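Visitor: sequence and predicted structure, then a few things I'm wondering about:
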Amino acid sequence: MRCFLEVLQSSIAKKISVALAGILLVGFLVLHLAGNLFLLAGPQAFNGYAKHLADNPILPAAEILLAALFMWHIAAALVARVQNRKARPQGYENQRAKGGRTWGSRSMTVTALFLLAFLIIHLKSFRFAANRSDLYALVMKDFQNKYYVGFYVLAMGALALHLSHGIQSAFQTFGINHPRYTPWIKRAGVAVAIVLAAGFAFLPVWALVTGGAR
Amino acid sequence: MSASGEAMNFTLKVWRQKSAKDAGRFASYEVSGVSGDMSFLEMLDLLNERLIAKGEEPVAFDHDCREGICGMCSLVINGQAHGPERNTTTCQLYMRRFKSGETIIVEPFRARAFPAIRDLAVDRSAFDRITAAGGFISTNTGSAPEANSVPVAKPKAEAAMDAAACIGCGACVAACPNAAAMLFVAAKVSHLSLLPQGLPERERRVLAMRKAMDAEGFGNCSNEYECEAACPKGISVSNIARLNREYARAALFFSDHLESGSS
Amino acid sequence: MTLDSRVPSGPIEKKWDKHRFDLKLVNPANKRKFDILVVGTGLAGSSAAASLAQLGYNVKVFCLQDSPRRAHSIAAQGGINAAKNYPNDGDSVWRLFYDTVKGGDFRSREANVYRLAQISSSIIDQCVALGVPFAREYGGLLANRSFGGAQVSRTFYARGQTGQQLLLGAYSALMRQVGLGKVQMFTRREMLDLVVADGAARGIICRNLVTGELESYAGHAVLLCTGGYGNMFYLSTNAASGNVTATWRAYKRGAYFANPCFTQIHPTCIPVTGEHQSKLTLMSESLRNDGRVWVPKKKGDARAPESIPEAERDYYLERKYPSFGNLVPRDVASRNAKQVIDEGRGVGTTKLAVYLDFADAIKRMGESAIREKYGNLFDMYQHITGENPYKTPMRIYPAVHYTMGGLWVDYNLMTTVPGLFCLGEANFSDHGSNRLGASALMQGLADGYFVIPYTLGGYLTRGSLPKTGTDHPAFRQAENNARGRIDKILSVGGKSSPGSFHKKLGAIMWDYCGMSRSETGLRKALAEIPKLREEFWGSVSVPGGGEEFNQNLERAGRVADFLEFSELVVKDALERRESCGGHFREEYQTPDNEAKRDDANFSHVAAWRYQGAGAEPELCKEPLAFENVHLAQRSYV
Ligand SMILES: Cc1cc2nc3c(=O)[nH]c(=O)nc-3n(C[C@H](O)[C@H](O)[C@H](O)COP(=O)(O)OP(=O)(O)OC[C@H]3O[C@@H](n4cnc5c(N)ncnc54)[C@H](O)[C@@H]3O)c2cc1C
Ligand code: HEM
Ligand code: HEM
Ligand code: SF4
Ligand code: F3S
Ligand code: FES
């Protein structure tokens, strides 16, 4: 109980919880990308994978956990951002960085909101679609719309930026900082961000260009 | 050689605010005849001397030691806390760093937790309150053991000294996009938790200082690292990592019960 | 009027122990009934306030800055002495005592100095326990270095930031008491008057620097820990807020001012670059270990230093003091620099500098060795001057650094006003006419941590003090006095800034009462200061009002006090017809230009008593006896 209160009230606990959720979400994205790569193998493979997942008895629990992670991550992070705005009621004429910030860190709020929009649309079109019997067809149909694909690619740009800051940031938040390893953590974070985003962005582009497997 | 020979001219856009209640605005001043060997504050002295000669009110700004150690000077110069140079306080920033003819914007450190006093001077007493909450080792005068009875490994002592070099200027807050005070608090927590003398109060200290910090209305850290870049003493953000660690450790495992049981 | 120093009887080693036993103790339950006012939060004030609060007293603390941590003690670089004898090189309490008395050129009170040396060890213990990160050896134990020409290594240091770290230790102890509610902290307050009621110090009048309001605070004792008055010279290594106001107002309320002319000049500062200069930055004396001081032999030689051949350079310290060379004491090095500059042989654009050359050291040890030893100092120099000292010689010049003079105090650190104590640089106590390097920090902390907690109790148990609140008429009178002065400043409405008068006063003091003094010069100063003072009151300009944050008004008040005080300094210098330590009278020197003391006539503390506006102050003397250290003449040739 004290722990929970502390998380709600404490800036540092809040930030650790956001980072924890964020890193678990990165874990989800890795799995999700791996699953989505079945699209390349055609409808049987992909739908089989989807069915396999759906039949798994722990899926509902996993989905609830996932939803909770997303919601906590988003809610706590946005609360923090609102508090941060209040912490400087009068802004500077022209604040200039002195070398700490990166493109990723600067754009965190924007990429976060973009990702939120993406998630809503994404879940609506796939997770909460009316008919999910042929998931492969559903996905492929949407990916024939070049605007929809364009939006996905943009969203993955946002994801890359978000994670380019987010992954190394989470390490710092967990207290992992060492002159020898931190430079590598930073580089690895950016690499993971790019690989994930590129993998996700590849699928809709591939679908649009080739019209699907086979 | 320095640019001391040629006199320089600047247009200053300075924040003027009569008191905390006043809204404040920018005022423009032309300052001519500036030497490259002047510090930024000496350039403001020059402006003030001229304002006084005209019977106008001089620009208020905090300063004291003028050698980069007291932490009294502040200023956000062209959007950067303590100006463009790294590891430098405003009092140690020399005008040779600027180009004649430049327009220089001078603002106070801005944060809700640093309320305005007048013009460029703000109230940084929030830092004192955070320190009063836990930034100390409770040793009463006279009760100290012989100084060499507790050895401290040199690398630890050096790291403690690195953190202890903080001058409490508040530039970390001013530069942080979130107006967070993490670097200041982290420096103190690190300094004291790195030394064996500070260990008995390790958990209490970090919990109390975190609480006091949040109560002052500073923002949340999102690892922007601008604090480190603006810090005149080069305090590293690795101290913030240590603060996070110390905090997590204390929040998860520290028990009040053990404490109160004995008192 | 005779001055009673209240030095306990008995052998010098036993005096302090005996005294502590003789002092009556305040009943622990009664301590919280006493309100103690501490003005100043440097090493002396912070350590005193923390220690007293911890004993149970109610403490109110005041300082000028926005935080107690910013007192100018923060700027001390070199280190703090203590007779720990860790290096096993022959140090002892007795040797530290001896060195301090001798270094002070026999113008300090033996008993005080001995106590200081005795206490020195506990200071280090206390500081380490508070988390001061002193330099250490690989084995984890404390490191020492030799400092300021001492023959033993007894200086403890924390990089080049010893004062900062010691102050942060004392500050943290103070803030802990603030957190516990035993200390009430009042920042951005300037003490403008002392309240003396029924013959004892019972309160102070402060100006709240943010709102401009005058505030009265009552207490059972007042501790002045307000630092030195070196700022009188305008250019010094002191902070901008340094002042004599608090002690000067106390002087006017009956506290005697002792040895005001004892000021210390530090030989290695970064020189003045121009009119705009507001402050001089000290560079560690350790530079003289490897740097060679020289000027061109020819007057007005404007060539770049590199193009002046060896034969045309005058390494004047090595020439005049073959055995000590560049390592002569502070006052000797400073005076010689002034001498060659007065001869027209100064260097740099202002001609107010001499060279400190590392070319030979770099040739001998290599640039990297020099970088390792002095890297941060070289960087600092380059940062400030824009010149690279690895390539071209540094330019240095002496600057005012410390003031040995201050309010006269007895062995209990009490002034001539009962209940008014004075600690740290603000008192005159332990350094005689010259302070040794790394001894001021030691004294400030000794006074605050280990002396005042005992002696204050002794005063409070002396007799019962009447109940005196801020409604006492003495408070009203003092408040009106302070308000009158502020109104007077604001009403002048002239054209010149307070800073411009400060600058002019500084020039007079530096020229006539600085590194060397002469009867004619001092008389000249005595004629010019009142003129300048008159000019100030006729034409000072302070825009804005009194009921607001007005830094210019603060400055004007401090300058006004310097304009009065400086006259006393000059009088004291004139009166002391001898040379000793930092006080060099040109008429009194040995054939080899050394300070020549006159022990028969001047082995005393000169304490000045205020006799009212316009009246000549009275000179009172506390004779000094040297029973343990034998009087000797310094010689460095
Ligand atoms: C650059 C430099 C380097 C030095 N290096 C060394 C060294 O290496 N070793 C060494 O031993 N000594 C050194 N010294 C000397 C030493 O630092 C000082 O003598 C000592 O720190 C003085 O401490 P203090 O507590 O007496 O006063 P300070 O630290 O000067 O504090 C004065 C306090 O009084 C307050 N105050 C003043 N006037 C008023 C007023 N009117 N009303 C209210 N508050 C007031 C101020 O706000 C401040 O809090 C150095 C000094 C300088 C300037
Ligand atoms: C796609 C899934 C997402 C992943 C994998 C992810 C991951 C991360 C990570 C690892 C961090 C760093 C946390 C820290 O160190 O403090 C982070 C921060 C952040 N995330 Fe996300 N995030 C995702 C989606 C979102 C969404 C949808 C939003 C909001 C709408 C969001 C908002 C934020 C914000 C605002 C931060 C900065 C938090 C701070 O102030 O420190 N994220 N994210
Ligand atoms: C191009 C890439 C992507 C494709 C093809 C894709 C495809 C899908 C599909 C088909 C589903 C429905 C799964 C099911 O109901 O079994 C789904 C669910 C989901 N997707 Fe994606 N997705 C992509 C990218 C992303 C990204 C980048 C995110 C996160 C930011 C994301 C987050 C989710 C979430 C949270 C769910 C719901 C999971 C669940 O309820 O089990 N997806 N995705
Ligand atoms: S951490 Fe750096 S920027 Fe922040 S208060 Fe300390 S010295 Fe100033
Ligand atoms: S800039 Fe601010 S966000 Fe954190 S790392 Fe520094 S406090
Ligand atoms: S004035 Fe002291 S740090 Fe700048």
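Guide: Cool, got the structure. Small disclaimer: the values here were computed from a predicted structure and weren't measured. Numbering: from 1, shown residues only, chains lettered A, B, ... in the order given. Ligands and ions are numbered 1, 2, ... in the order given.

Visitor: where in the stretch 151-263 of chain B is pLDDT low?
Guide: Flagging of the stretch 151-263 of chain B using pLDDT under 70 yields the residue ranges B:256-263.

Visitor: near chain C, which residues of it?
Guide: Contact residues, the stretch 151-263 of chain B versus chain C (CB under 8 Å from any CB of the partner chain): B:151-154, B:157-158, B:160-161, B:164-165, B:167-168, B:191-192, B:195, B:197-198. Every residue, glycine included, has its C-beta placed from N, CA and C.

Visitor: specify the local secondary structure of the closest residue to A:L25 other than its chain neighbours.
Guide: Spatial nearest neighbour of A:L25, excluding adjacent residues (CB to CB, 6 or more residues apart in numbering or on different chains): A:L69 at 5.8 Å. The three-state assignment at A:L69 reads helix, by DSSP: H, G, I helix; E, B strand; the rest coil.

Visitor: could you do C:V295 as well?
Guide: Put simply, C:V295 is strand when judged by three-state DSSP.

Visitor: helix, strand or coil for the nearest residue to it once chain neighbours are set aside?
Guide: Closest residue to C:V295 apart from its sequence neighbours, by CB to CB, 6+ apart: C:R345 at 4.4 Å. At C:R345 the chain is in coil, as set by three-state DSSP.

Visitor: where do the helices of chain B begin and end?
Guide: Assigned helices in chain B, in chain order: B:40-53, B:125-134, B:154-164, B:171-175, B:182-194, B:202-215, B:226-230, B:238-253, B:256-262 (criterion: DSSP state H).

Visitor: deepest-packed of those helices, please.
Guide: Most buried of the helices of chain B by mean neighbour count (mean count of other CB atoms under 10 Å in any protein chain shown) is helix B:171-175; its value is a mean of 30.

Visitor: so who does whichever residue of the stretch 51-200 of chain C sits closest to ligand 2 touch?
Guide: For the stretch 51-200 of chain C, the residue closest to ligand 2 is C:S67, as judged by CB to the nearest ligand atom, at 29.2 Å. Neighbour list for C:S67: B:G71, B:R124, B:S125, B:F127, B:D128, B:G168, C:T187 [criterion: CB atoms under 8 Å, 6 or more residues apart in numbering or on different chains].

Visitor: pLDDT weak spots in chain C?
Guide: Low-confidence segments of chain C, defined by pLDDT under 70, span residues C:1, C:637.

Visitor: pull the longest helix from it.
Guide: The residue-count maximum for a helix in chain C (DSSP H) belongs to helix C:551-575.

Visitor: quick check, distance from the very next helix or strand once past that one to the centre of its chain.
Guide: Sequence order places helix C:599-602 as the next helix or strand after helix C:551-575, per DSSP states H and E. How far helix C:599-602 lies from its chain's middle: 25 Å, per CA atoms, centre = their mean, to the nearest Å.

Visitor: now the element after helix C:599-602, going C-ward?
Guide: strand C:604-609.

Visitor: that following strand - which strands sit beside it in the sheet, and in what orientation?
Guide: Partner strands for strand C:604-609, per DSSP bridges, with pairing direction: strand C:257-258 (antiparallel), strand C:618-623 (antiparallel).

Visitor: nearest approach to ligand 2 belongs to which of those?
Guide: That would be strand C:257-258 among those, by CB to the nearest ligand atom, at 58.4 Å.

Visitor: which strands and helices lie in contact with the very next helix or strand once past that closest one?
Guide: Using DSSP H and E, the next helix or strand after strand C:257-258 towards the C-terminus is strand C:263-269. Applying 3 or more CB pairs under 8 Å, 6 or more residues apart in numbering or on different chains; DSSP states H and E, one finds that strand C:263-269 contacts helix C:330-342, strand C:394-403.

Visitor: out of these, which is the most enclosed?
Guide: It is strand C:394-403: most buried of the helices and strands packed on strand C:263-269 by mean count of other CB under 10 Å, with a mean of 26.

Visitor: show me what contacts the closest residue to A:G91 other than its chain neighbours?
Guide: Excluding its sequence neighbours, the residue lying closest to A:G91 (CB to CB, 6+ apart) is B:R110, at 7.1 Å. With CB under 8 Å, 6+ apart as the criterion, the residues that contact B:R110 are A:R88, A:Q90, A:G91, A:Y92, B:V76, B:V122, B:A174, B:A179.

Visitor: please look at the fifth one and B:C176 and confirm they touch.
Guide: No: applying CB atoms under 8 Å, one finds B:V76 not in contact with B:C176, separated by 11.9 Å.

Visitor: need the residues touching each of these two.
Guide: Between them, B:V76 and B:C176 share no contacting residue, judged by CB under 8 Å, 6+ apart.

Visitor: would CSV of the helices and strands packed on strand C:263-269 with distance to ligand 6 be doable?
Guide: What follows is the helices and strands packed on strand C:263-269, written out as CSV (distance: least, CB to the nearest ligand atom, whole Å):
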stretch, distance to ligand 6
helix C:330-342, 24
strand C:394-403, 17
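
Visitor: quick one, which of those gets closest to ligand 4.
Guide: Comparing the helices and strands packed on strand C:263-269 by CB to the nearest ligand atom, strand C:394-403 comes nearest, at 25.4 Å.

Visitor: ok, and does that closest one reach over to ligand 1?
Guide: Yes: contact between strand C:394-403 and ligand 1, assessed by CB under 6 Å from any ligand atom, occurs at C:H401, C:Y402.

Visitor: which other helices and strands contact that strand?
Guide: Applying 3+ CB pairs under 8 Å, 6+ apart, one finds that strand C:394-403 contacts strand C:263-269, helix C:330-342, strand C:354-357.

Visitor: alpha carbons of the second one, as CSV, please.
Guide: Coordinates of each C-alpha in helix C:330-342 appear next as CSV, following Å, rounded to 0.1, in the frame of the first residue of the first chain:
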residue,chain,number,x,y,z
ARG,C,330,53.4,36.5,1.2
ASP,C,331,54.2,40.0,2.5
VAL,C,332,57.7,40.0,1.2
ALA,C,333,56.7,38.7,-2.2
SER,C,334,53.9,41.3,-2.5
ARG,C,335,56.0,44.2,-1.4
ASN,C,336,58.8,43.4,-3.8
ALA,C,337,56.3,43.2,-6.7
LYS,C,338,55.1,46.6,-5.8
GLN,C,339,58.6,48.0,-5.7
VAL,C,340,59.5,46.9,-9.2
ILE,C,341,56.2,48.1,-10.5
ASP,C,342,56.7,51.5,-8.9
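
Visitor: figure out how far it is from the centre of its chain.
Guide: On the basis of CA atoms, centre = their mean, helix C:330-342 sits 21 Å off its chain's mean C-alpha point.

Visitor: how close does C:S579 get to ligand 2?
Guide: Noted for C:S579: a distance of 67 Å to ligand 2, by CB to the nearest ligand atom, to the nearest Å.

Visitor: returning to that earlier point: what about ligand 4: which of the residues of the stretch 151-263 of chain B next to chain C touch it?
Guide: Okay, of those touching ligand 4 (CB under 6 Å from any ligand atom), that's B:I167, B:G168.

Visitor: grab the nearest non-local neighbour of B:V206.
Guide: B:V206 sits nearest to B:E246 (CB to CB, 6+ apart), 4.5 Å away.

Visitor: who touches that neighbour in this structure?
Guide: A:G175, B:V189, B:S193, B:R202, B:E203, B:V206.

Visitor: ditto for C:A556
Guide: Going by CB under 8 Å, 6+ apart, C:A556 touches C:I489, C:P498, C:V540, C:V542.

Visitor: and the furthest pair within those residues?
Guide: Maximum pairwise distance among the contacts of C:A556 (CB to CB): 8.5 Å, between C:I489 and C:P498.

Visitor: now the common contact residues for the two.
Guide: C:V540, C:V542, C:A556.
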